[in-house]
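[1] Dropping a prediction and its sequence here:
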Amino acid sequence: MGSLERKIEILGDASKFDVCASMASPRDVSGTRRVGNPDKIGICHAFAPDGRCISLFKVLMTNHCIYDCKYCVNNSGNAKTKVMFEPVELARAFMGLYVRNYVEGLFLSSGVWRSATDTVERMIEALMLLRNKYNFQGYMHIKVLPGTNKEHIKQLMELADRVSLNVELPSASRLSEVSSTKNYETDIIKCQKFIHNFIKEGLVPAGQTTQFVIGTTGESDYEIVERLHWEYTNFDLKRGYFSAFTPIKGTPLENTKVSEKRSRKRENFLYRVDWLYRRYNYKIDGIFSIMDDNGMIPSNIDPKVSLALKDDIFPLDVNETSYNELLRVPGIGETSARRIINLRKVNKKIQHYNDLQRLGVVIKRAKSFLIVNGRRQSRIKEFFG
Amino acid sequence: MFRKIEKKQVLESLSRHKDVTIDFLNQIKRIPKEILENKGNDLAEKAITMSQEVDSDLHAHKAFLRLSVSPHGILFAKSDKMKHYNEEVLLKFFQKRFPRLIILFESNRGVFTINQDSTLVVPNIPLEEVLKELEEQLPLNPLLTDLNEKNYHKLWECFAQSQIIQGRRTSKQAVSLSKKWRRAVAEDRSPKKLDEFFETPS
């Protein structure tokens, strides 16, 4: 196998736990000399066996790393083959795939080889080749490495559509449990502050994101949600990602026992809670209130249903309720709530559950919380008083 | 975040549907905007479903159609899977992405190409012949000459395989995937087979 294929195999594999759902940027492009554009419609070029979208050319610059994070496949102690892209070879490989419509953009991360400065300089060289030599105007998401200096962060942000820095764990004490070399404040939070300040100056149109690895240190959902809330409040984060911890061969945590099913469910519930907070305007205290004594989101009930059961506004008359209240009904999302409100404007009232079904409402979930045409489905216990 | 359904867009998509009739289009035009856009009655729902069929057909081609490269500044592809009249919109999509390159696309209805002003259809001549004729007239393009050497399909295979997380391979999640995408899922198939979904010219 050729060396480039081998590098893609290793550096693609090493990046697969980095999560990124977005592939579009609000940046406008013009001119006829360019190649590519950050299309605003999400396009998946393939799907992984678990249904994950493969859209961006997601690779590391290198899997060399000076940090010793116990959960990470690239940690300094892992004897796995170490390779590194030459900037020109990365740029050509990516462009070749892009013009053939295999990928939608670039997602570039890296281990830290020698120092953040040395590694980031190579990343910048590759990105400059793409933007200047190839005139590539498509989407690029770049991971800022822990400990990157301010000047390099600015250079990366001038070239990228979106940047992110993985906080990985919710606090300095949690990080110290899995890494003796990474400093939470100086390597991560300080860099995020730089990124935030440059965003305020107008760099990176698609903003910054971060990622947590879930279940490495016994951290609770409360700790994660609280840290994420702090990040949203202080750094104006676009969103957070979660990646359930998977023990990887060759790492100090390879023999850790993890229930794949349970950790994926936990990851899924954290995404749901994050969505409720970001999109449905739930207050953070409300979200904390559904957590159990150990600070965990109950795994046997959907978080939105939990919140609805604690809410005393139900049942709601579907023809009278406001958009924001409709959003609080389990089974009603943004699209169906908007449709209900829009139809109300032309005096089209909801008469039956079938009407709701046509609008995209999940009747099974929603009907206990709604009054439709003066009627509500009640429980047998309630019916008999 | 969610794309709003707009009457204008629904009518545009509907007009490219293979089974649409003038009468049906006129009926849809008469539906009030709010009723149509919010699926206010059965006819509106039918119209939106049909327009979504057209959009899905187009979206699948944007996502899964692999282009081949000619060093003379041409990107070309074939597909016999295009059900609706989406050729022109697809070409415009690629033209916006690669404004300096010539795009050739062959569907069951002929070979299509596009310039700034209009779309040209060449019926009854295979793509290879159109390509050959164009190559004889056009100079080499530096960008595509530079990107013409490697076996990029092989690189794509390596990359797509590298992204699979074995621990997450579950049949349940694949089943919960929307039906329209299921045929394109790499589930237990190699990316090579995935590409065979659309015939890629060598």
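    Structure's in. What do you need? Residues are numbered from 1 along each chain as shown, chains lettered A, B, ... in the order given.

[2] List the buried residues in stretch A:37-46.
    Going by neighbour count (16 or more other C-beta atoms under 10 Å in any protein chain shown), the buried part of stretch A:37-46 is A:37-39, A:43-46. Using the backbone N, CA and C atoms, a C-beta is placed for each residue, glycine as well.

[3] Now the terminal residues of it, how far apart.
    Start-to-end span of stretch A:37-46 (C-alpha to C-alpha, to the nearest Å) is 19 Å.

[4] Stretch A:226-244 now?
    According to C-alpha to C-alpha, stretch A:226-244 extends 18 Å from its N-terminal end residue to its C-terminal end residue.

[5] Can you check my assumption that A:Lys58 lies in a strand?
    Yes - assessed with DSSP: H, G, I helix; E, B strand; the rest coil, A:Lys58 lies in a strand.

[6] So the residue nearest to it when sequence neighbours are not counted, which state does it fall into?
    When the adjacent residues along the chain are set aside, A:Lys58 lies closest to A:Phe107, with 4.0 Å between them (C-beta to C-beta, 6 or more residues apart in numbering or on different chains). Assigned by three-state DSSP, the conformation of A:Phe107 is strand.

[7] In the sheet, which residues pair with A:Phe107? Tell me.
    Beta-bridge pairing for A:Phe107 (DSSP bridges): A:Lys58, A:His141.

[8] That one against A:Leu56, yeah?
    Yes - at 4.1 Å, A:Phe107 and A:Leu56 qualify as touching, with contact defined as C-beta atoms under 8 Å.

[9] from memory A:Cys69 sits against A:Tyr184, does it?
    No - contact criterion C-beta under 8 Å: A:Cys69 and A:Tyr184 do not qualify, at 12.0 Å.

[10] of these two, who's got more company?
    Using other C-beta atoms under 10 Å in any protein chain shown as the criterion, A:Cys69 and A:Tyr184 rank with A:Cys69 on top: 25 against 20.

[11] centroid residue for chain A?
    Per C-alpha atoms, centre = their mean, the C-alpha nearest to the average position across chain A is that of A:Tyr241, at 2.9 Å.

[12] ok, that one - contacts?
    For A:Tyr241, the residues meeting the contact criterion (C-beta atoms under 8 Å, 6 or more residues apart in numbering or on different chains) are A:19-21, A:209-212.

[13] again, only this time at 10 Å
    Contact partners of A:Tyr241, counting by C-beta atoms under 10 Å, 6 or more residues apart in numbering or on different chains, are A:18-21, A:164, A:166, A:209-213, A:267, A:270-271, A:274.

[14] per-residue confidence at the closest residue to chain B within chain A?
    Residue nearest to chain B within chain A (C-beta to the nearest C-beta): A:Gly12, separated by 3.2 Å. A:Gly12 carries a pLDDT value of 94.

[15] Tell me the pLDDT of whichever residue of chain B sits closest to chain A.
    Evaluated by C-beta to the nearest C-beta, chain B has B:Ser162 as its residue closest to chain A, separated by 3.2 Å. Looking at B:Ser162, its pLDDT reads 89.

[16] Same question for the one 4 residues further on.
    Among the per-residue scores, B:Gln166 holds a pLDDT of 74.

[17] rewinding a little: what strand or helix carries the residue of chain A closest to chain B?
    helix A:3-13 (DSSP states H and E).

[18] Check which residues of that helix are buried.
    Burial within helix A:3-13, assessed by neighbour count using 16+ other C-beta under 10 Å, is assigned to A:4-5, A:7-13.

[19] could you check the angle strand A:105-109 makes with it?
    An angle of 80 degrees separates the directions of helix A:3-13 and strand A:105-109 when computed by axes from the mean of the first three to the mean of the last three C-alpha atoms, to 10 degrees.

[20] Can I get helix A:3-13 in PDB? Just the C-alpha atoms.
    Included here for helix A:3-13 are C-alpha records, laid out as PDB according to Å, rounded to 0.1, in the frame of the first residue of the first chain:
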ATOM      1  CA  SER A   3       2.500   5.700   1.900                       C
ATOM      2  CA  LEU A   4      -0.300   8.300   1.300                       C
ATOM      3  CA  GLU A   5      -3.000   5.600   1.600                       C
ATOM      4  CA  ARG A   6      -1.300   4.300   4.700                       C
ATOM      5  CA  LYS A   7      -1.200   7.800   6.200                       C
ATOM      6  CA  ILE A   8      -4.900   8.400   5.400                       C
ATOM      7  CA  GLU A   9      -5.800   5.100   7.000                       C
ATOM      8  CA  ILE A  10      -3.900   5.800  10.200                       C
ATOM      9  CA  LEU A  11      -4.700   9.500  10.500                       C
ATOM     10  CA  GLY A  12      -8.300   9.100   9.500                       C
ATOM     11  CA  ASP A  13      -8.700   6.300  12.000                       C
END
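
[21] Three-state assignment for the most centrally placed residue in chain B, please.
    Centroid-nearest residue in chain B, with C-alpha atoms, centre = their mean: B:His61, separated by 2.0 Å. Of the three states, B:His61 takes helix according to three-state DSSP.

[22] From A:Asn78, how far out is it?
    Computed with C-beta to C-beta, to the nearest Å, the distance linking B:His61 and A:Asn78 is 42 Å.

[23] what's near enough to touch the residue of chain B positioned farthest from its centre?
    Distance from the C-alpha centroid of chain B, by C-alpha atoms, centre = their mean, peaks at B:Gly167 (32.0 Å). Taking C-beta under 10 Å, 6+ apart as the contact definition, B:Gly167 lies against A:50, A:244, A:246-248, A:258, A:260, A:263-264.

[24] Now intersect those residues with the strands, please.
    For the contacts of B:Gly167, the ones inside strands are A:Ala244, with DSSP state E as the criterion.
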